[in-house]
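Student: Sequence first, then the predicted structure:
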Protein chains: 2
Amino acid sequence: MTATEEDPAWKQRAVERSTKAAKQRAEQRVDRFLDAAQKIIGAKGSTDFTVQEIVEESRQSLRSFYQHFDGKHDLLLALFEDALLQAAGQIRATAALTADPLERLGVAVRLLFEISRPDPSAQRPLFTDFAPRLLFSHPDKVQSAHAPLLELFTELMGQVEAAGRLRPGLRPRRAAALAMQTAMFIAQSSGPPEDDDPHTLTATEVWEFCALGVTGR
Amino acid sequence: MTATEEDPAWKQRAVERSTKAAKQRAEQRVDRFLDAAQKIIGAKGSTDFTVQEIVEESRQSLRSFYQHFDGKHDLLLALFEDALLQAAGQIRATAALTADPLERLGVAVRLLFEISRPDPSAQRPLFTDFAPRLLFSHPDKVQSAHAPLLELFTELMGQVEAAGRLRPGLRPRRAAALAMQTAMFIAQSSGPPEDDDPHTLTATEVWEFCALGVTGR
DNA sequence: TCAAAAGTGAGAATCGGATTCTCGCCAGAG
DNA sequence: CTCTGGCGAGAATCCGATTCTCACTTTTGA
């Protein structure tokens, strides 16, 4: 089954060629599982589903599920990564509409904050719900799932720096990590949007805080 | 068992007297469970224990465990609250040694950051490990467990305000929430202290960030 | 084109852990 | 002294994830 280590490159390539089709089929099945999960999450508004449910919704089998995923956590991780990727895309697109670099960063931070807060009514899967569980089981993976977002914020921060608005001595990547994590985590611990409890922090407050921390005024 | 509503006060007092002993016995048992949990956590350096283990370590019984706790989550919650309470105490004591209000706040923020990061070698249970799981199962309880810390930071922030160093328009309680959550959550997602990966944020960086966000320079 | 190999569905079996339940036993309250 | 509630021991139950079995298709490779 596994004899890859000593095989010469040409053989590996041959195998790869003849494997491509199978790979595609597999991906298609994986997607069906992923879609089913999305659907269920959307339907019940919670990320607390059972592997059985996924299997039934996707009209496949447990057998097949474990053929394609390492386990439930693996499925969660896939959803999580995907959600962050989409979020990054959405934020990037929205931010691009603003010309001023600092204000553009502000748009991004506020949007990230809004996206990250647990909102039962959002159809976008509450992707922050995954974080806690994954943070426990696979902290390293979570880290890498954050990569696209960190990338985006680093870019934005770089533009702020280019405009001479970044606090001296602060590297864009660090600033990006600070702002991003602040927005995401504070959002998580604050209540849902409609909650007008005066203790709840708002997107604007968080942004003001970050802005000062980033620009030094 | 519960007939408190219509009973006259004298009877309640009588009952209370005869109940006090039992209550103390119960508390002692609860403590034994808590201590056992602490010990196990310290021993295996992980918060991933089994109710059975607790029962065995404490030389009590499952029967008794569920007599005193609502379930495992209840035990975790108790540990969590206790850890935060102790942390608040430690931070308060340490901060008190510094005279300047702003610098005092800085001491507190940096210390909170250090305490909050996942350090396998700390004997004080990695209390932030609980947060994720609890945040999922009982977000409201987590909120209230944070209370003592929020209290402390609000005090410190009030002193900063009294010294005229607080950014105008920022209420001490909000500022406290921002700084506190920033320190705690960023600590969680950054690696352990000895990890000298250049991507890892440091206590000082976090404090500088907070300081600017709080004072507005 | 054919036979071995790999993938799949259906669903039973296993496993790990939390939570409950069943028996007695024992100490303290009356 | 008796009665009641708390307790230890440990079996029983529950829930979900993960594995395994079996019969059947499809894909692959000579």
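Tutor: Perfect, thanks for sending it.

Student: just how off-centre is the longest helix anywhere in chain A within its chain?
Tutor: Secondary structure of chain A read by DSSP state H shows that its longest helix is helix A:9-44. In this view, helix A:9-44 has its centroid 20 Å away from the chain centroid, taken as CA atoms, centre = their mean, to the nearest Å.

Student: ok, now stretch A:197-217?
Tutor: 22 Å.

Student: quick one: buried residues of that stretch?
Tutor: Using 16 or more other CB atoms under 10 Å in any protein chain shown as the test for burial, stretch A:197-217 gives A:200-201, A:203, A:205-216. To be clear about C-beta, it is placed using only N, CA and C from the backbone, and glycine gets the same treatment.

Student: Can you show me the helices along chain A?
Tutor: Assigned by DSSP H, chain A shows helices spanning A:9-44, A:51-57, A:62-68, A:72-95, A:101-116, A:130-137, A:139-145, A:147-162, A:172-189, A:203-215.

Student: Quickly check: the longest helix of chain A near chain B or not.
Tutor: No: remark: helix A:9-44 sits outside contact range of chain B, by CB under 8 Å from any CB of the partner chain, the gap being at least 14.6 Å.

Student: close to DNA strand C, is that helix?
Tutor: Yes: on the criterion CB under 7 Å from any atom of the strand, helix A:9-44 is in touch with DNA strand C at A:22, A:25-26, A:29.

Student: other SSEs contacting that helix?
Tutor: Helix A:9-44 sits against helix A:51-57, helix A:62-68, helix A:72-95, with contacts defined as 3 or more CB pairs under 8 Å, 6 or more residues apart in numbering or on different chains; DSSP states H and E.

Student: one step back: kindly write the ChimeraX command that selects the buried subset of the residues of helix A:9-44 next to DNA strand C.
Tutor: This is how ChimeraX selects the buried members of the residues of helix A:9-44 next to DNA strand C, with burial counted by 16+ other CB under 10 Å:
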select /A:29
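
Student: before we move on, back to that, out of the helices of chain A, which gets the lowest mean score?
Tutor: Mean pLDDT per stretch puts helix A:130-137 lowest among the helices of chain A, at a mean of 71.

Student: Report the contact partners of the residue most central in space within chain A.
Tutor: Taking CA atoms, centre = their mean, the centroid of chain A lies closest to A:Leu84, which sits 1.7 Å from it. A:Leu84 makes contact with A:127, A:145-146, A:148-149 under the criterion CB atoms under 8 Å, 6 or more residues apart in numbering or on different chains.

Student: Let's see that with 10 Å instead.
Tutor: Taking CB atoms under 10 Å, 6 or more residues apart in numbering or on different chains, we find A:Leu84 in contact with A:115, A:127-128, A:130-131, A:142, A:145-150, A:184.

Student: How is chain A partitioned into domains?
Tutor: Using automatic domain parsing, the domain parsing of chain A gives A:1-69, A:73-217.

Student: which of the ones you listed is buried the deepest?
Tutor: Among those, domain A:73-217 has the highest mean neighbour count (mean count of other CB atoms under 10 Å in any protein chain shown), at a mean of 19.

Student: Distance across that domain, terminal residue to terminal residue?
Tutor: 43 Å (CA to CA, to the nearest Å).

Student: close to DNA strand D, is it?
Tutor: Yes: using CB under 7 Å from any atom of the strand, a contact is recorded between domain A:73-217 and DNA strand D, made by A:His73.

Student: Do that domain and DNA strand C come into contact?
Tutor: No: between domain A:73-217 and DNA strand C, judged by CB under 7 Å from any atom of the strand, nothing touches; the nearest distance is 12.9 Å.

Student: In chain A, what residue comes closest to DNA strand D?
Tutor: A:Gly71 (3.0 Å; CB to the nearest atom of the strand).

Student: what about that residue, how many residues close to it?
Tutor: 12 (other CB atoms under 10 Å in any protein chain shown).

Student: Who are the contact partners of it?
Tutor: Residues A:51, A:65, A:77, A:137 are the ones in contact with A:Gly71 under the rule CB under 10 Å, 6+ apart.

Student: my read: the second one touches A:Glu53, true?
Tutor: This means A:Phe65. No: contact between A:Phe65 and A:Glu53 fails when scored by CB atoms under 10 Å: they sit 11.1 Å apart.

Student: Please name the nearest non-neighbouring residue to A:Ser189.
Tutor: B:Gln181 (5.9 Å; CB to CB, 6 or more residues apart in numbering or on different chains).

Student: Please tell me how far the one you found sits from B:Leu112.
Tutor: From B:Gln181 across to B:Leu112, the span is 10 Å (CB to CB, to the nearest Å).

Student: list the residues that contact both of those two?
Tutor: Common contacts of B:Gln181 and B:Leu112, defined by CB under 10 Å, 6+ apart, comprise B:149, B:153.

Student: Columns distance to A:Ala36 on top of the contacts of A:Gly71, output as CSV?
Tutor: Output for the contacts of A:Gly71, formatted as CSV (distance: CB to CB, whole Å):
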residue, distance to A:Ala36
A:Val51, 11
A:Phe65, 10
A:Leu77, 16
A:Ser137, 22
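
Student: give the contact list for A:Leu75.
Tutor: Taking CB under 10 Å, 6+ apart, we find A:Leu75 in contact with A:30, A:33-34, A:36-37, A:49, A:51, A:54, A:65, A:68-69.

Student: Mind doing that once more with 6 Å?
Tutor: Contacts for A:Leu75 (CB atoms under 6 Å, 6 or more residues apart in numbering or on different chains) come out as A:Phe69.

Student: ok so, going back, what is the nearest of the buried residues of stretch A:197-217 to DNA strand C?
Tutor: Among the buried residues of stretch A:197-217, and counting by CB to the nearest atom of the strand, the member closest to DNA strand C is A:Thr200, at 29.6 Å.

Student: Chain B contacts on chain A?
Tutor: When proximity is defined by CB under 6 Å from any CB of the partner chain, chain A lies next to chain B at A:132, A:135-136, A:178, A:181-182, A:185-186, A:189, A:209, A:212-213, A:216-217.

Student: and which of those residues is nearest DNA strand C?
Tutor: A:Phe136 (13.5 Å).

Student: if we can go back for a sec, which two among the residues of chain A next to chain B are spaced furthest apart?
Tutor: Farthest-apart pair in the residues of chain A next to chain B is A:Phe136 and A:Arg217; separation 38.4 Å (CB to CB).

Student: A:Asp119 against A:Gly191, yeah?
Tutor: No: using CB atoms under 6 Å, A:Asp119 is not in contact with A:Gly191; the gap is 9.8 Å.
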